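*Asks:* model the following, please.
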Amino acid sequence: MKSPTIKDVAEAAGVSVATVSRVLNGNAYVKSRVRQRVIATAEELNYRPNRVARSLRTQRSKTIAVVVPDIQNRFFVALERGLEDYIFGEGYAVLVCNTGDDPDRESLYLRLLVDEAVAGIVICATDEHRSAQQLLEIMGKGVAMVAVDRRLENAPVDFVLSDNIDGATRAVSYLIEQGHQRIGLIAGPNKYTPAIERRMGYEKALQE
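*Replies:* The predicted model follows:
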């Protein structure tokens, strides 16, 4: 049985091929009722867009890669879920890469993602200095990039970071207010900025 085409979806939904294309590409300039009819028709016909052909036309897939050091970490689970919930409505899919905090594994994933022409990469870098150089090279190829959780001092990318200093300061200050005097800190490896910043916040609260 021949697989349905975008033309089949357009005819069944009573719209143009261009309209179907706009809906499936996440274009916002389509009326809600038309969008719903096209999506329902595509599902009914079991239509699957040819992403390979689309990538050849646009030079970019409709995929956002999330590169994290530990997918079992609840922080990164929540990050991936939040991102996926948002971009799915924009017509994108999420691809998760777990580096195991291994720079070599991260480098391999990044090379593969560039070869796959992903639309963008969200990354929590394994090595803040080594990763920065590779990300500069990737950005030079037109791939959008956002860093999360860890800073990359030498890469001009956008960041989404927690205020680790203020968070640690508030946490320790609260314990002090409760009358505690022997307060320990578990912050993670000192080679990562979140750990360094948490220690700074911890020390700041104790000094104050």
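
*Asks:* how about the contacts made by V94?
*Replies:* Taking CB atoms under 8 Å, 6 or more residues apart in numbering as the contact definition, V94 lies against T63, I64, A65, V66, E80, L83, E84, I87, F88. Bear in mind the C-beta positions are built from the backbone N, C-alpha and C, glycine included.

*Asks:* now the helix or strand where E137 lies: buried residues?
*Replies:* Element membership of E137, judged by DSSP states H and E, is helix 130-139. Residues S131, A132, Q134, L135, I138 are the ones in helix 130-139 that count as buried (16 or more other CB atoms under 10 Å).

*Asks:* is it true that the last one touches S107?
*Replies:* No. I138 is beyond contact range of S107, at 10.6 Å (criterion: CB atoms under 8 Å).

*Asks:* can you give me the neighbour number for I165?
*Replies:* Neighbour count for I165, taken as other CB atoms under 10 Å: 19.

*Asks:* and for the one 10 residues further on?
*Replies:* Burial of L175 is recorded as 14 neighbouring residues (other CB under 10 Å).

*Asks:* state the helix or strand in which the residue lying closest to T169 once chain neighbours are set aside lies.
*Replies:* The shortest distance from T169 to any non-neighbouring residue, by CB to CB, 6 or more residues apart in numbering, is to G201 (4.1 Å). Using DSSP H and E, G201 sits within helix 193-207.

*Asks:* now the strands for the chain?
*Replies:* Secondary structure of the chain, counting by DSSP state E: strands at 63-68, 93-98, 120-123, 144-148, 158-160.

*Asks:* note down every partner strand of the shortest one and its orientation.
*Replies:* Counting by DSSP bridges, the strands paired with strand 158-160 are strand 144-148 (parallel).

*Asks:* and for the partner strand, what's in contact with it?
*Replies:* For strand 144-148, the external contacting residues (CB under 8 Å, 6+ apart) are 79, 119-125, 135, 138-139, 155, 157-161.

*Asks:* one more pass at 10 Å, please.
*Replies:* 60, 64, 66-68, 75-76, 79, 83, 110, 118-125, 128, 131-132, 135-136, 138-139, 152, 155-162 (CB atoms under 10 Å, 6 or more residues apart in numbering).
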